[in-house]
Structures are given as structure tokens and as C-alpha cells.
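Engineer: Need coordinates for the following:
(one chain, ligands or ions: 1)
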Amino acid sequence: MTRPTYVYDLAALATHAAAVRAALPERVELLYAVKANPDPGMLRTLAATVDGFEAASRGELRHLAAVLPGRRVAAFAGPGKTDADLSAALAADVHRVHVESAAELHRLAALARAAGRTVDVLLRVNLPVATPGAVLVMGGQASPFGLDPPEAVRLAADPPHGVRVRGVHAHLASGLDAPTAAGVAREVTDWAVRQVRAEEVNVGGGMAVDYRRPEHRFDWPSYGRLLGEVCDAHPTVRLRIEPGRAVAVYCGSYVTEVIDVKRSRGQWFVIVAGGTHHLRTPAAKGHSQPFVVVPQGGGGPRTDGGPVTVVGQLCTPKDVLARDAESGPIAVGDLLVFGMAGAYAWNISHRDFLLHDPPDFTTGDPLAVARNWGR
Ligand SMILES: *Cc1c(COP(=O)(O)O)cnc(C)c1O
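Structural biologist: The predicted structure is shown next:
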């Protein structure tokens, strides 16, 4: 039996990233948030299109240096940066350090002075901006992320020697549709220019991804047009975005085989090889991962075509990949191709739980991989 396999469609990723880039005004820089998926093939593919990469840990800095040697990292971010992390950012000469607190700014300044350097920073600010419909909210309320606005204003007006405050970073929520995300960008930029005379504004990521409607994608052309208006209102400001999920999610699939089907108290269960220790996304977000069935024509047990709950091989009721999914009949030996597994999927999974084998990885068209399964 072939192991469950992640399939990354790098050609689709290249096409999608190019469409995202083309939808944005030229003046807006597009960074990719590496934490969404640090797969080397994906990073190399994106390197041709994006303006830079955002690393959110020292591990991601190291990884980028190994995968894309010689490419300057655009941004180094994340809460709880140690002196070792900040020193690594200085050593790597990252373009901008995103600072999360006053203490962090002072430690970074001291390290820069000791190295005889001046480092360019953006202050991450927790602005009270309306984010209707957001899935995760990181700002506008008490939060471990970023500075309160008055403190950011004070630090920008009188920064410690060794740092140059170039502007503002804000990543306030995720799951935003295009008008809402553009409205946030507008408010953040207006504030940054007015309050701290920002030359640069990074308005974060968090563009919506709808797992229930895979074909319903973030409206990049509208977002680009609205960002163009923000640029026109602030002709000297360099605007930047740093999406992860909405760039990477569609190019990944998880292909696996049905081991068993059974009925329990009137409900159909489909048990597949692997599970949420490979693909934690549906457990983490509480959704059903969308999938298609590739029948293999086996003569074994099959469901009657009614709704099924798809589970994996873990001994926990949380190991659910899809619940009450309408799929048509599913037989033992059939393949399920789970889509939207290109972001926050393998890399957020508790891979050692039960010590099952890890998945395999390949590139290409997931349906072609399914057609050649086991050959
Ligand atoms: C996670 C993160 C992103 C990317 O968010 P997506 O929802 O994947 O677009 C961007 N910026 C910061 C600061 C983040 O923490």
C-alpha cells in the first residue's frame, strides 16, 4: 500500500502567485509568510514572483538561508524574540525587523549598537480597526501582539540609538474578505502616516480562505484596486502585504486510501490511512476538509452513497478529516484527494502522535498522482 501523500502542484502555485502579483499595484510589495508552508519547492517557486519572504522565527531564517542562499530576507517578525533571534536577524541583514514591544526595541537597539550598526524596523501596532467577519482576531483588543498606539507614537518620535523606525506593521486579523482587508489597510496607513510619519506600512496577511467553498477565492483584483486608492492617498508611502494561507493553500493536496468503511448507529464512517497527525487543519479549524473520491473499482465493502464522516488512524474521536460529507458511494481501496492542504497543513500537524509513518511528498497534479497510485 502506498503511503498517504502530500502533492504540491508547483505549476498551479506559480500561476496563482503570478495572478496575485498582477492584481496588485506595482508599488505594493508582496511578501510571503513562510510559516504558512515552508516547503522548499514552494519557496523556490514563489521566489520568482514575490518581492520577499517574511520569517517569523530563527528557524525560518535558517531555512530560508539554506533554501534560497543569497536572497535577503524581507522581514523578521514574531513575538518573544530572544537576543539570539535578534542577533541572527542582524547577522542575516534582514531588510526590516518587525518589533513587538518596547523592551524588544531596546534590546535590538543595544545589539545593533554593539555591532556598530543601525537597524531598520517597523513597529507592530495593535490598532483598533473594525474587522467584521474575521476568523482570528489578533488586534484591536488586549493582545500579546504589537504595541498600543500611544506607546508606538512615543517610540517612533524618540527611538533608541541603533534603530531607525521606518514605519508600521499591522497584522490584525485573518479571514478577511477583500473590501474588509482593504479597509483595514486604509485605516492602518492613514494612522501610520498621521501619527508616526511612516515611510513604509506593512498591513499584514489574513486574506480569507473559504474551506466550504474552495472555488470561492479571495478577490485579489478588487483588493488590488482598493490598495491602489490607498497608494494614491499616500503617494510617498511604500505599502507591503504578507499573505500566507491565501497564496499557498490551493496548491496542496493530501491523497490517501480508504482502509475500511462501516456503519455505526445509522452513520457511515470512512476510515482512511493517515489522518489528522498528517493533516491537522480540519481539527485545528473545526471544518470539514474538502475532498473528491477517485474510485478504484475494488469489490469490497462500500457505503450506500449517504453522508460520511471521514476519520484517520488515530485513537481519538478528534481525528476527523470531514464530517457528514456528501460524496456518493465510497469503497474500501478508493482514494480520497483532500484539497486546500497547501497551507497550515503538514507543518502544523502533531506528527509524532501514535508514531505512525510520516506521509510521502511529491509534486504535480494530484489527480494524476491518484491515477498512478500504487504503480
Ligand atoms: C501568520 C501571519 C501572516 C500570514 O497570515 P495568513 O493568514 O497566512 O495570510 C502574516 N503576518 C503575520 C505577522 C503573521 O503572524
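Engineer: and the residue of the stretch 1-150 of the chain found nearest the ligand, what does it touch?
Structural biologist: Scanning the stretch 1-150 of the chain for proximity to the ligand using C-beta to the nearest ligand atom identifies Ala33 as nearest, at 3.5 Å. Where C-beta positions appear, they are placed from N, C-alpha and C, glycine not excepted. Neighbouring residues of Ala33 by C-beta atoms under 8 Å, 6 or more residues apart in numbering: 54, 56, 205, 242-244.
Engineer: Mind putting those into CSV with secondary structure?
Structural biologist: Output for these, formatted as CSV (DSSP: H, G, I helix; E, B strand; the rest coil):
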residue, secondary structure
Glu54, strand
Ala56, coil
Gly205, coil
Glu242, coil
Pro243, coil
Gly244, coil
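Engineer: between these, which has the most around it?
Structural biologist: Among the contacts of Ala33, the one with the most neighbours (other C-beta atoms under 10 Å) is Glu54, at 32 neighbours.
Engineer: List the contacts of stretch 193-204.
Structural biologist: So stretch 193-204 is contacted by 31, 75, 96, 98, 122-123, 149, 152-153, 156-157, 165-172, 181, 184-185, 188-189, 192, 234, 236-242 (C-beta under 8 Å, 6+ apart).
Engineer: at 7 Å what do you get?
Structural biologist: With C-beta atoms under 7 Å, 6 or more residues apart in numbering as the test, stretch 193-204 has contacts from 75, 122, 152-153, 156, 166-172, 184-185, 188-189, 192, 234, 237-242.
Engineer: Now intersect those residues with the helices, please.
Structural biologist: 152-153, 156, 184-185, 188-189, 192 (DSSP state H).
Engineer: residues in the chain within reach of the ligand, list them.
Structural biologist: Applying C-beta under 6 Å from any ligand atom, we find that the chain lies next to the ligand at 33, 35-36, 56, 77, 171, 174, 204-207, 242-246.
Engineer: cutoff 8 Å now
Structural biologist: With C-beta under 8 Å from any ligand atom as the criterion, the chain comes near the ligand at residues 33, 35-36, 54, 56, 77-78, 98, 124, 136, 138, 145, 169, 171, 174-175, 204-207, 209, 242-248, 343-344.
Engineer: Now a ChimeraX select for only the buried ones of those residues.
Structural biologist: Here is the ChimeraX command that selects the buried residues among the residues of the chain next to the ligand (16 or more other C-beta atoms under 10 Å):
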select :33,35,36,54,56,77,78,98,124,138,145,169,171,174,175,204,205,206,207,209,242,243,244,245,246,247,248,343,344
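Engineer: before we move on, back to that, buried subset of the contacts of stretch 193-204?
Structural biologist: Buried among those by 16+ other C-beta under 10 Å: 75, 122, 152-153, 156, 166-172, 184-185, 188-189, 192, 234, 237-242.
Engineer: What strands line up against the top strand by length along the chain, and which way round?
Structural biologist: Longest among the strand segments of the chain by residue count, using DSSP state E, is strand 252-264. Paired strands of strand 252-264, with direction, are strand 5-8 (antiparallel), strand 267-272 (antiparallel), strand 335-338 (antiparallel) (DSSP bridges).
Engineer: For it, buried residues please.
Structural biologist: Buried, per 16+ other C-beta under 10 Å, within strand 252-264: 252-258, 261.
Engineer: What of stretch 362-375?
Structural biologist: 363, 366-367, 369-370, 373.
Engineer: Turn those residues into a markdown table, including distance to Leu10, pLDDT and secondary structure.
Structural biologist: Formatted as a markdown table, those follow (distance: C-beta to C-beta, whole Å; pLDDT from 0 to 100; DSSP: H, G, I helix; E, B strand; the rest coil):
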| residue | distance to Leu10 | pLDDT | secondary structure |
| --- | --- | --- | --- |
| Thr363 | 5 | 98 | strand |
| Pro366 | 12 | 97 | helix |
| Leu367 | 15 | 96 | helix |
| Val369 | 13 | 96 | helix |
| Ala370 | 17 | 96 | helix |
| Trp373 | 20 | 93 | coil |
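Engineer: Nearest to Trp220 among those residues?
Structural biologist: Nearest to Trp220 among these, counting by C-beta to C-beta, is Pro366 at 23.0 Å.
Engineer: I'd guessed that closest one sits against Val255; true?
Structural biologist: Yes. Counting by C-beta atoms under 7 Å, Val255 is a contact partner of Pro366 at 5.9 Å.
Engineer: tell me, what's touching those two both at once?
Structural biologist: By C-beta under 7 Å, 6+ apart, Pro366 and Val255 have these common neighbours: 7, 337.
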